[in-house]
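>>> Return a 3D structure for these sequence lines:
(2 chains)
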There are 2 protein chains.
Amino acid sequence: MSQPILDLTGDLVTLTRALCDVPSVSGDERALADAVESALRLLPHLEVLRDGDAVVARTHLGRTERVVVAGHLDTVPPAGNLPSQLRGSGQDAQVWGRGTVDMKGGVAVQLALAAVVTEPTRDVTWVFYDQEEVEATRNGLGRLVRNHPEWVTCDVAVLCEPTGAGIEGGCNGTLRADVQIHGKAAHSGRAWLGVNAIHGAAPVLARLAAYVPRAAEVDGLVYREGMNAVAVRGGIAGNIIPDECVVSVNHRFAPDRSVAQAEANVRELFDGYDVVVTDAAGGARPGLDHPAVAAFVAATSAATGRPPAAKEGWTDVARFGELGIPAVNFGPGDPTLAHADDERCPVHQLFTCFAGLRAWLTS
Amino acid sequence: MSQPILDLTGDLVTLTRALCDVPSVSGDERALADAVESALRLLPHLEVLRDGDAVVARTHLGRTERVVVAGHLDTVPPAGNLPSQLRGSGQDAQVWGRGTVDMKGGVAVQLALAAVVTEPTRDVTWVFYDQEEVEATRNGLGRLVRNHPEWVTCDVAVLCEPTGAGIEGGCNGTLRADVQIHGKAAHSGRAWLGVNAIHGAAPVLARLAAYVPRAAEVDGLVYREGMNAVAVRGGIAGNIIPDECVVSVNHRFAPDRSVAQAEANVRELFDGYDVVVTDAAGGARPGLDHPAVAAFVAATSAATGRPPAAKEGWTDVARFGELGIPAVNFGPGDPTLAHADDERCPVHQLFTCFAGLRAWLTS
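Presented below is the predicted three-dimensional model:
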């Protein structure tokens, strides 16, 4: 197969569809990364770098600030929703298909801007990375941070994940823990010889049901926390009193709390039980008080007409948060349609994001 | 392989070990059933019948009463505990190995008595059946009841399941039900958009933990009931608020209650929740007031020195209970060692059961 050609200076919808029509399920991004790299190498104002299937392109204009604008090239597997389609017209026009929302619409905006904004007022590093939709250890942005930290060094980062073309600052952290309840096995015909671990889980679930999650204001945005059982498992046979029950809890915590504080919160709630943390990732503060972020908000709010909001879910902005770099999410598409069979992105949001970012990079 | 020869009139320990040393995991009882049938056909005082791998042998002496003495030929799979071994001596002698307790010790007692009690005072039907250790639909005794009800017709039945050589009358019934808790799925990063079904299970588990099971006296024996969660399942992914949680409950109920009453009890306890009964089998009254059972108790108590007790677990005596036939359990071996890797049966219990049953059949 000949390499697909991407026209970065043509129509934004055509570019979005061209990106979608090169399938790039996580781990299989080579063809798309090659196409992105080739297109960027035609632009003389950019230095182009590559690590695996991640592509980085950056200006060197000696500006006082450098910003990263990042997006991932991979998608979850298609569900019969490729090739992409353009349906509707005017304000109702939408691009349908896998990746339109998460997040080739955002990647199209990045690529179009990389081509046309040849003299940005802030030096720009455009980052296109692989394997965001799979386990964290494979994440291409994480790999860049490990292998080439200087490639992603900046004053502020924008991640073009779908936000419905609004600014969503920072993100909550997430922690998973198993709460273990122990008992003593017995035949259920002689239950009094055992201790039922599932019955012992009653207070654990009651504490969860009664828990009132905090809403925390961080840098002017309000983050809603959560404390939820996401799994419960107990019992091995229909005639056995179970000697173990495990309640898996997912704690989402505002970015004013560290992972250690979140863990302490979980341990306090389940005091008296064995708690094993299985997974944790800190959040990211929105950093709206940072001058570069304030400038971003001012420029894009003019384009979107919307004030910034908190990002509730965990996103890769947290990787910048770990580096002490303020980061925001800003991209086309309704995030609740990500991964959906009817994934689709309004065309006007592509242009809103394009306009907002261009205003910021040229003001 | 030549067919194993069983010597029914020799030493009881040797016979027990010979039975154990013909492996007969449920569904694979053919070799043992053939050996049992062949040995019984050598006895001129018995009519021998066969259905699949169940063997029935009976006297036709025109007695006023007929009794069934039944046992199953199958075992759970061996756990490196075959061939059998004889360890210790005197009162400490035990036969070790798979099936010694559940229940080839009892089958050995049956076969030895079938051979030596040629003129019982009650007509006897000896029943040896297959597939007791697996799902109820495969049970060989159930199949005999369906295919040849006249083969198992009797005034009283004795099941030689292990009771530690004491009389255990009747059995509890058992009912399994799934209690379903419904919620609404959501991403755990936006938990407030969902309803957590696992949290909703808290009151269900609290009711179980607070439940005080009844102890019911039935025909002079006390049956302890039970109400236990034997499984709990909920959650599909670490970032999803689960929309369903299912608590599987096992209710063990005394034989003064019907299955319908037991179900009503479960539905009352979990009022407000969806309850689906998945499995149910009634118990069996001990029938100690029945003259034939009273005679059995009198004869065997002299041999065992112990009064009758209630059988807590569910056993195939309930199949006779369904037919309105009083039934008791009486067999060698500690029932808590059934299925254990260190399964072992005291030799003296083999002789106690042999003596008790012979006294009854000849008095």
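>>> can you pull the contacts of the residue nearest to residue A:329 when sequence neighbours are not counted?
Of all residues not flanking residue A:329 in the chain, residue A:168 sits nearest, at 4.3 Å (CB to CB, 6 or more residues apart in numbering or on different chains). C-beta coordinates here come from the backbone N, C-alpha and C atoms, glycine included. Residue A:168 is in contact with A:308-311, A:328-330, counting by CB atoms under 8 Å, 6 or more residues apart in numbering or on different chains.
>>> ok, now with 10 Å
A:159, A:161-162, A:221, A:286, A:308-313, A:315, A:317, A:328-331, A:335 (CB atoms under 10 Å, 6 or more residues apart in numbering or on different chains).
>>> That one bridge partners, please.
Beta-bridge pairing of residue A:168 under DSSP bridges involves residue A:309, residue A:329.
>>> Sticking with residue A:111, tell me its helix or strand.
Using DSSP states H and E, residue A:111 maps to helix A:105-116.
>>> Tell me how far the following helix or strand past that helix lies from the chain's centre.
Where DSSP H and E defines the elements, the next helix or strand beyond helix A:105-116 is strand A:123-129. Its chain's C-alpha centre and that of strand A:123-129 lie 16 Å apart, by CA atoms, centre = their mean, to the nearest Å.
>>> who does strand A:123-129 pair up with?
Strand A:123-129 has these strand partners (DSSP bridges): strand A:54-58 (antiparallel), strand A:66-72 (parallel).
>>> what mean pLDDT does the last one have?
Taken as a whole, strand A:66-72 has an average pLDDT of 98.
>>> Over to the first one?
Strand A:54-58 shows an average pLDDT of 98 in the prediction.
>>> how big is the angle separating that strand from helix A:105-116?
40 degrees (axes from the mean of the first three to the mean of the last three CA atoms, to 10 degrees).
>>> again with the longest one
Our comparison of strand A:66-72 with helix A:105-116, counting by the same axes, to 10 degrees, yields an angle of 140 degrees.
>>> Report the contact partners of the residue nearest to residue A:41 when sequence neighbours are not counted.
Nearest residue to residue A:41, sequence neighbours excluded (CB to CB, 6+ apart): residue A:48, at 5.1 Å. Going by CB under 10 Å, 6+ apart, residue A:48 touches A:36-42, A:55-58, A:126.
>>> does residue A:48 count as helix, strand or coil?
For residue A:48, the secondary structure call by DSSP: H, G, I helix; E, B strand; the rest coil comes out as strand.
>>> Show me what it bridges to in the sheet.
residue A:57.
>>> ok, it to residue A:252 distance?
37 Å (CB to CB, to the nearest Å).
>>> which residues in the stretch 101-250 of chain A form strands?
For the stretch 101-250 of chain A, applying DSSP state E, counting those that start in this stretch gives strands covering A:123-129, A:156-159, A:168-169, A:173-182, A:186-187, A:215-218, A:221-224, A:226-234, A:240-241, A:244-253.
>>> what packs against the second one?
By that I understand strand A:156-159. On a contact count with 3 or more CB pairs under 10 Å, 6 or more residues apart in numbering or on different chains; DSSP states H and E, strand A:156-159 meets strand A:66-72, helix A:105-116, strand A:123-129, helix A:291-304, helix A:317-322, strand A:327-329, helix A:347-362.
>>> Nearest the geometric middle of chain A, what residue?
residue A:315 (2.7 Å; CA atoms, centre = their mean).
>>> Who does the closest residue to residue A:270 other than its chain neighbours form a beta bridge with?
In space, and not counting its chain neighbours, residue A:270 is closest to residue A:179: 4.9 Å by CB to CB, 6+ apart. Judged by DSSP bridges, the bridge partners of residue A:179 are residue A:247, residue A:275.
>>> what sits against residue A:179?
By CB under 10 Å, 6+ apart, the residues touching residue A:179 are A:201, A:204-205, A:207-208, A:229, A:232, A:245-249, A:266-267, A:269-270, A:273-276.
>>> what do you get if the cut-off is 7 Å, keeping everything else the same?
Shown in contact with residue A:179 (CB atoms under 7 Å, 6 or more residues apart in numbering or on different chains): A:204, A:247, A:249, A:270, A:273, A:275.
>>> Show me which residues of the stretch 251-363 of chain A sit near chain B.
A:252, A:312-314 (CB under 7 Å from any CB of the partner chain).
>>> who wins for most neighbours among those?
residue A:252 (27 neighbours; other CB atoms under 10 Å in any protein chain shown).
>>> ok, and the closest non-adjacent residue to residue A:75?
Here the residue nearest residue A:75, using CB to CB, 6+ apart, is residue A:99, at 4.1 Å.
>>> per-residue pLDDT, that neighbour?
96.
>>> What of residue A:2?
65.
>>> Ok, residue A:21 next?
97.
>>> ok, now which ones touch residue A:319?
A:141-142, A:145.
>>> now, which of these sits nearest residue B:174?
Residue B:174 has its nearest neighbour among the contacts of residue A:319 in residue A:142, at 53.0 Å by CB to CB.
>>> Could you count how many residues lie near residue A:92?
Residue A:92: 10 neighbours (other CB under 10 Å).
>>> Distance check, residue A:213 against chain B.
Applying CB to the nearest CB, to the nearest Å, the value for residue A:213 to chain B is 8 Å.
>>> before we move on, the earlier item: restrict the contacts of residue A:48 to the buried ones and give me that as a PyMOL selection.
Typed into PyMOL, the line below selects the buried ones among the contacts of residue A:48, using 16 or more other CB atoms under 10 Å in any protein chain shown:
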select buried, chain A and resi 36+37+39+40+55+56+57+58+126
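>>> pLDDT wise, what is the residue nearest to residue A:206 when sequence neighbours are not counted at?
Excluding its sequence neighbours, the residue lying closest to residue A:206 (CB to CB, 6+ apart) is residue B:202, at 4.4 Å. Residue B:202 carries a pLDDT score of 98 in this model.
>>> Contacts only, for residue B:202.
A:202, A:205-206, A:209 are the contacts of residue B:202 under CB under 7 Å, 6+ apart.
>>> Tell me which of those fall in helices.
A:202, A:205-206, A:209 (DSSP state H).
>>> Now tabulate these in JSON lines and tack on distance to residue A:63.
What follows is the ones in helices among the contacts of residue B:202, written out as JSON lines (distance: CB to CB, whole Å):
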{"residue": "A:202", "distance to residue A:63": "60"}
{"residue": "A:205", "distance to residue A:63": "55"}
{"residue": "A:206", "distance to residue A:63": "57"}
{"residue": "A:209", "distance to residue A:63": "53"}
